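1. Could you work out the structure for the sequence below:
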Amino acid sequence: MPPLVAPAAELTRDEVARYSRHLIIPDLGVDGQKRLKNAKVLVIGAGGLGSPTLLYLAAAGVGTIGIVEFDVVDESNLQRQIIHGQSDIGRSKAQSARDSIRETNPFVDVRLHEVRLEPDNAVDLFAQYDLIIDGTDNFATRYLVNDAAVLAGKPYVWGSIYRFEGQVSVFWEDAPAGLGLNYRDLYPEPPPPGMVPSCAEGGVLGILCASIASVMGTEAIKLITGIGSTLLGRLMVYDALDMTYRTITIRKDPATPKITGLIDYEAFCGVVSGDAAAAAAGSTITPRELRELLDSGRKLALIDVREPVEWDINHIDGAELIPKSSLESGSGLSKLPQDRLQVLYCKTGVRSAEALAAVKKAGFADAVHLQGGITAWAEQYEPDMVMY
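-> Coordinates of the predicted model:
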């Protein structure tokens, strides 16, 4: 691939000293370092994947780094989001990341975009940069990044992680030599809602972020400088437990519709399935309503549909664990009491809505689920509950 970025005019004396280990690599050298200095890279998210990617791109000498991030640092982030520290809890992630980058390399121009990436701002934002790094953890934003990158004519590096596994690829619709393809050539449609849990629900091995982010950063450097063979047209899959890397060839799918504009990505990906939405309509109660039911003395069955490892962390007193998977397979339905109201809950209300659909289909017409899950319950009624 030709270099994505033209070289800067020069390197200062201090820059030569800082990047000397790059400069003596024949394939990279002074010319490659000048290209890095002249590059503008936008990183979506300063989380698990964004953290190591940001630090290494800054250390490598990428001259301008933009950060799209609107969240604040939470204690649960620190297990993997190494750009933040204990003293950053409660701070803006974007500002925390900027301070860490400046400590790593004061020569980097850090630009903060403390906004949620939306269809009405994505294309204009992408147009300001040479390359996009997508480290987001939800399908709605992934499809938005892809479509906006296509419309802006920008290449982007994509990565994802879940538990012990990760994936990385490069997408660029306008790549030279007829090599163009985009994320929709790999994943034409998002998975059914609730099928793939987020890291917040399914977990992720913290150090996996470093493995995947280091590959993402490497791909960015290769694109900027024009060295090596990138993952454009290939999907790299990493299994940390087996310690295996494999690549899968991706080809342009003639059936992929041409992207001509941006859409409502939340609606496209869905938060819950149609069956779950139908089941939850009129059968959703708030934490306050649950509190009133419990205080009234009415007989009810409080059903926790999360996984056993989550139950071990916290649960509502008086609840019984019947995981969503067992309700959907039918094996757990026999455990549901039939002489009382069934109230289902999960962490945030998404999985319990999906489980509610299976329960209602089995004939439990009066069953309901808890809006916002145990997270909302704890915020309102048990603020001292251990959360995850």
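2. Pop the domain breakdown of the chain in here.
-> Per automatic domain parsing, the structural domains of the chain span 13-269, 274-381.
3. measure the last one end to end?
-> Start-to-end span of domain 274-381 (Cα to Cα, to the nearest Å) is 31 Å.
4. neighbours of Ala267, just the number please.
-> 9 (other Cβ atoms under 10 Å). Just so you know, the C-beta spots here come from the backbone N, C-alpha and C atoms, and that holds for glycine as well.
5. CA atoms only for the one helix or strand it maps to, dumped as PDB, please.
-> Secondary structure assigned from DSSP states H and E places Ala267 in helix 265-269. Output of helix 265-269 as PDB, limited to C-alpha atoms (Å, rounded to 0.1, in the frame of the first residue of the first chain):
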ATOM      1  CA  TYR A 265     -28.100   2.900  14.000                       C
ATOM      2  CA  GLU A 266     -29.800   2.200  17.300                       C
ATOM      3  CA  ALA A 267     -32.900   1.100  15.400                       C
ATOM      4  CA  PHE A 268     -30.800  -0.800  12.800                       C
ATOM      5  CA  CYS A 269     -29.000  -2.800  15.500                       C
END
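6. Mind listing what's buried along it?
-> Across helix 265-269, burial judged by 16 or more other Cβ atoms under 10 Å covers 265, 269.
7. what about Ile24, distance to Val30?
-> 10 Å (Cβ to Cβ, to the nearest Å).
8. out of those two, which sits in the more crowded spot?
-> With neighbours defined as other Cβ under 10 Å, Ile24 and Val30 compare such that Val30 has more, 15 against 10.
9. residues in contact with Gly159?
-> 49, 134-135, 166-168, 212-213, 215-216 (Cβ atoms under 8 Å, 6 or more residues apart in numbering).
10. if you set the cut-off to 6 Å instead, what comes out?
-> Going by Cβ atoms under 6 Å, 6 or more residues apart in numbering, Gly159 touches 49, 135, 168, 212, 216.
11. The residue nearest the centre of the chain: what secondary structure?
-> With distances taken as Cα atoms, centre = their mean, the residue of the chain nearest its centroid is Asp137 (1.1 Å). Secondary structure state of Asp137, per DSSP: H, G, I helix; E, B strand; the rest coil, is coil.
12. Quick check on the nearest residue to Val30 once chain neighbours are set aside: phi, psi?
-> Distances taken as Cβ to Cβ, 6 or more residues apart in numbering place Leu23 nearest to Val30, at 5.6 Å, with adjacent residues excluded. Here is the backbone geometry of Leu23 (degrees, to the nearest 10): phi -60, psi -30.
13. Could you do Asp137 as well?
-> Dihedral angles for Asp137 - degrees, to the nearest 10 - are phi -120, psi 20.
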